[in-house]
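Asks: structure of the sequence below:
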Amino acid sequence: MAPESPPTSALSLRDVVALSGRFPLLAGVDLQVGVGETVLVEGPNGAGKTSLLRVAAGLVPVTSGRATVLGLDPARHRTEVRRRVGLLAHASHLYDDLNVRENVRFAVKAAGADASRIEGACERLGLTGRLLRTGAAKLSAGQRRRVALAVLVARAPELWLLDEPHAGLDASARSLLNELIVEATAGGATAIVVSHEPELVESMATRSITITGGRVTGERRLNSVPARFVHVA
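Replies: Here you go, the predicted structure:
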């Protein structure tokens, strides 16, 4: 059962350890992310950045420590967490035998979200006309990324988990993505953004954390108030 009062933290991790077999994905992470924040996550490859997002999405179980997502235990409330959290991963996870509109509709309905937002989300991401009826197998990498973003926008999750979200997008799509993140957080959502291109995220993020060896090893404050709109050249 979900808590009745709104959570004060979108994500709370205390000494969290997550394993893949015997290999530590996270090795004692302490992290608090407040509702409405945009947090940039930096670190070398293999540091645990993607694992952090997957723990927050309820996809990787916590071996020890304590984790709450939007006030919920992701192990006990897995379905509720997945309904309220949106993860944009490296792969677009589209069905090649479905067209663009069908892919977005399927993903939104599977998440139990409001289907009335689908058309507006597709239009916002430039998925209109013939492109809506194009099979996913024929889409470019950038187009597949925009479809995945349309799913996120249509779902309107409370917590956005974005793994290298600018990858594969041209300059105009990158600017649009930043605009969408700013709009979402201005509306009360929270965003955690993993990126090897920090310059694309810093101006709209409240702070940056660094993960090394499965632990949070650094933090720096960026902005007390997120930017209203960030243009990417």
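
Asks: in terms of helices and strands, where is Leu19?
Replies: Secondary structure assignment for Leu19, by DSSP states H and E: strand 9-20.

Asks: give me the sheet partners of that strand and which way each runs.
Replies: Sheet pairing for strand 9-20, assigned by DSSP bridges, gives strand 23-34 (antiparallel), strand 64-69 (antiparallel).

Asks: give me the contacts around it.
Replies: With C-beta atoms under 8 Å, 6 or more residues apart in numbering as the test, strand 9-20 has contacts from 24-37, 51-52, 55-56, 60-71, 158-159, 190, 192. C-beta coordinates here come from the backbone N, C-alpha and C atoms, glycine included.

Asks: counting contacts, what elements does the host helix or strand of Ala148 pack onto?
Replies: Using DSSP H and E, Ala148 sits in helix 141-155. Judged by 3 or more C-beta pairs under 8 Å, 6 or more residues apart in numbering; DSSP states H and E, helix 141-155 is in contact with strand 85-88, helix 100-110, helix 118-124, helix 171-186.

Asks: just the CA atoms of the first one, as CSV, please.
Replies: What follows is the C-alpha trace of strand 85-88 in CSV, where atoms were taken according to Å, rounded to 0.1, in the frame of the first residue of the first chain:
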residue,chain,number,x,y,z
VAL,A,85,9.0,5.8,-12.3
GLY,A,86,10.2,6.2,-15.9
LEU,A,87,13.5,4.8,-17.0
LEU,A,88,15.1,5.8,-20.3
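
Asks: turn the strands paired with strand 9-20 into a markdown table, including mean neighbour count and mean pLDDT.
Replies: Formatted as a markdown table, the strands paired with strand 9-20 follow (neighbours: other C-beta atoms under 10 Å; pLDDT from 0 to 100):
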| stretch | mean neighbour count | mean pLDDT |
| --- | --- | --- |
| strand 23-34 | 18 | 95 |
| strand 64-69 | 18 | 96 |
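
Asks: show me the one of the ones you listed that comes nearest Ile211.
Replies: strand 23-34 (7.6 Å; C-beta to C-beta).

Asks: just the angle between whichever helix or strand comes after the closest one and strand 9-20, please?
Replies: Going down the chain from strand 23-34, the next helix or strand is strand 38-42, by DSSP H and E. Orientation check (axes from the mean of the first three to the mean of the last three C-alpha atoms, to 10 degrees): strand 38-42 against strand 9-20 gives 30 degrees.

Asks: now strand 38-42 and helix 171-186, what's the angle there?
Replies: Using the same axes, to 10 degrees, one finds that strand 38-42 and helix 171-186 are set 130 degrees apart in direction.

Asks: mind showing which ranges of this protein have poor pLDDT?
Replies: The model of the chain has pLDDT under 70 over residues 1-6, 224-233.

Asks: tell me which residue lies nearest the centroid of it.
Replies: Among the residues of the chain, Leu161 comes closest to the average C-alpha position under C-alpha atoms, centre = their mean, at 1.7 Å.
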